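what follows is a predicted protein model with its sequence.
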Amino acid sequence: MGPITLAFGLALLAWVLVVGDLLRRHRPAWHWYLAGYPATACRVVFTWRKVAMLNDLSVTRRPPRGLLGDLVVKGDPLRPVVPRLSFPRATRLGLTATVRLHAGQTPATYMKAADALVHAWKVHAVRVTSPERGLVLLTATASDPLARPGLASAPAALLSALIGVLENGGAWVMDLRLVPHWLIAGATRSGKSTLLARLITQLAPQPVALVGIDCKGGMELGLFAERLSALTTCRREAVAVLAALVNDMQERMRACRTAGVRSIWELPEKLRPVPVVVIVDEIAELYLSDGRRESKAEAEQCSTLLLRLAQLGAALGMHLVVAGQRVGSDLGPGVTALRAQLGGRICHRVNDPGTAEMTLGDLNKDAVVVAQSITAAEQGVAVCTGPDGGWSRARSHLTTTEEAMATARKHAALTPALPAIDRALAALEGDDK
């Protein structure tokens, strides 16, 4: 009977290990709830006091006998008091716990101890936030969801694009109705071009006009020309197209004023103009000049026109997505003014800290530090802002150039005509002749 029992036990153990491995690979959330969370929750509870004391998260107080006078407690050691930690609550791929701060404590101390919590709890990362005064929320992520991002789901909506996955396992969505303008920074091979391809792939089936400004000769956005209502490949053409869009914006203003509404979305559907998404690849090409008077004038015109679109376009269905390898104040004062109007921010790996600071510094200093820690091996990983003003690490879904071109070709018939831009480009060609 003994050998049979032993064999049965070994077979059962092997079966449990096989099932556990299958769950871990194919159903990570199930594996986390069944096995990972109970073990991690125990580590959090049993290690909290030691971790808090070693990382200066506790405070010291006199013994209760101190109330009788200083002489009574003379020679007694001060007692460390550890902040109260709530029982960890499971999330889809991690857990959260709330700490009630003692008087005089600040969340900054907990942010410094985040790495120590990672090692003690054996998790991938710990995020420290303060939802309200006197409380700290510790959010632990069991594993890196960006290492093997799955295809998350998101509700389809006009001007909404499913880009990838957030570090909490949720869908990374760029909703241009909620956040109308975006700034995207990223060095070569950081994932910036892949993100733009993903954005175009998501917007191509929608009834929107896509305008591409690619002053690198159209090498990037020219691949999707069949779905673009207009494509400019030099700064002179960009000035003409942007000026036409500003004129069209004035016409939309008059239509709204005549109808007594504040945005085109309040107009009847039959009278509503088509939304326009302007995608700028490599913003530096529009702002830098070679010193010639004509070049400097074109750069100033681009700066002014982009700023007007960003300031007034949201309610009029005009949206900007501006991308660049480097974004800095040295490109001109207009860049800082434009940055202030671009509420959505995405920062991939960058080559200089100034670009990360320019992209995220005015929103959150912690986000700048996280963006600077992105390595070359983490292609597609970025720090992005959300509609609620917070930030998160995220990774865009890999969209190959062939897939994006095929999608643009498939939906080429949906490309709206923009007569104002067509007239502006035709006039430019006539001047050249």
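Right, received. Where do you want to start?

how near is the closest residue to R84 other than its chain neighbours to V126?
Spatial nearest neighbour of R84, excluding adjacent residues (Cβ to Cβ, 6 or more residues apart in numbering): R100 at 4.9 Å. Bear in mind the C-beta positions are built from the backbone N, C-alpha and C, glycine included. Separation of R100 from V126 (Cβ to Cβ, to the nearest Å) stands at 18 Å.

for V370, same thing?
Distance of V370 to V126, computed by Cβ to Cβ: 13 Å.

comparing these two, which residue is more hemmed in?
V126 (22 against 19; other Cβ atoms under 10 Å).

who touches the more buried one in this structure?
Taking Cβ atoms under 8 Å, 6 or more residues apart in numbering as the criterion, V126 is in contact with A114, L117, V118, L138, T139, A140, T141.

thinking again about what came up before, quick one: contacts for the residue nearest to R84?
Contacts of R100 by Cβ under 8 Å, 6+ apart are P83, R84, G134, L135.

which one among those residues gets closest to L242?
Distance to L242 across the contacts of R100 (Cβ to Cβ) is lowest for L135, with 47.2 Å.

number of nearby residues for the closest one?
If we define neighbours as other Cβ under 10 Å, then L135 has 14 of them.

check which helix or strand covers the residue sitting nearest the centre point of the chain.
The residue lying closest to the centre of the chain (Cα atoms, centre = their mean) is C384, at 1.7 Å. Per DSSP states H and E, C384 falls inside strand 381-385.

pLDDT of that strand, averaged?
Averaged across strand 381-385, pLDDT comes to 92.

so what does the next helix or strand after that strand touch, helix or strand wise?
Proceeding N to C from strand 381-385, the next assigned helix or strand is strand 391-396, under DSSP H and E. Identification of packing neighbours for strand 391-396 by 3 or more Cβ pairs under 8 Å, 6 or more residues apart in numbering; DSSP states H and E yields strand 160-166, strand 171-175, helix 192-203, helix 365-372, strand 381-385.

what's in contact with the third one?
Residues outside helix 192-203 that contact it (Cβ under 8 Å, 6+ apart) are 159-164, 174, 184-186, 210, 220-221, 224, 227, 277, 279, 281, 321, 323, 325, 346, 348, 379-380, 382, 396-401, 403-404, 407-408.

do the last one as well
By Cβ under 8 Å, 6+ apart, the residues outside strand 381-385 that reach it are 146, 166, 172, 179, 186, 190-191, 195, 343-349, 360, 363, 367, 370-371, 374, 391-396.

please redo it, this time with the cut-off set to 6 Å
For strand 381-385, the external contacting residues (Cβ atoms under 6 Å, 6 or more residues apart in numbering) are 146, 344-348, 367, 370-371, 374, 391, 393-395.

I'd like those residues written out as JSON lines, with pLDDT and distance to A259 added.
Shown next, in JSON lines, are the contacts of strand 381-385 (pLDDT from 0 to 100; distance: Cβ to Cβ, whole Å):
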{"residue": "L146", "pLDDT": "74", "distance to A259": "45"}
{"residue": "G344", "pLDDT": "93", "distance to A259": "29"}
{"residue": "R345", "pLDDT": "94", "distance to A259": "34"}
{"residue": "I346", "pLDDT": "95", "distance to A259": "35"}
{"residue": "C347", "pLDDT": "95", "distance to A259": "39"}
{"residue": "H348", "pLDDT": "94", "distance to A259": "41"}
{"residue": "A367", "pLDDT": "85", "distance to A259": "40"}
{"residue": "V370", "pLDDT": "85", "distance to A259": "45"}
{"residue": "A371", "pLDDT": "89", "distance to A259": "43"}
{"residue": "I374", "pLDDT": "89", "distance to A259": "47"}
{"residue": "W391", "pLDDT": "86", "distance to A259": "38"}
{"residue": "R393", "pLDDT": "88", "distance to A259": "43"}
{"residue": "A394", "pLDDT": "90", "distance to A259": "39"}
{"residue": "R395", "pLDDT": "90", "distance to A259": "43"}
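
sorry, back to before: reformat the contacts of R100 as JSON lines; add pLDDT, secondary structure and distance to P353.
Formatted as JSON lines, these follow (pLDDT from 0 to 100; DSSP: H, G, I helix; E, B strand; the rest coil; distance: Cβ to Cβ, whole Å):
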{"residue": "P83", "pLDDT": "90", "secondary structure": "coil", "distance to P353": "34"}
{"residue": "R84", "pLDDT": "91", "secondary structure": "strand", "distance to P353": "38"}
{"residue": "G134", "pLDDT": "87", "secondary structure": "coil", "distance to P353": "33"}
{"residue": "L135", "pLDDT": "91", "secondary structure": "strand", "distance to P353": "32"}
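
having no further points to raise, I will conclude here.
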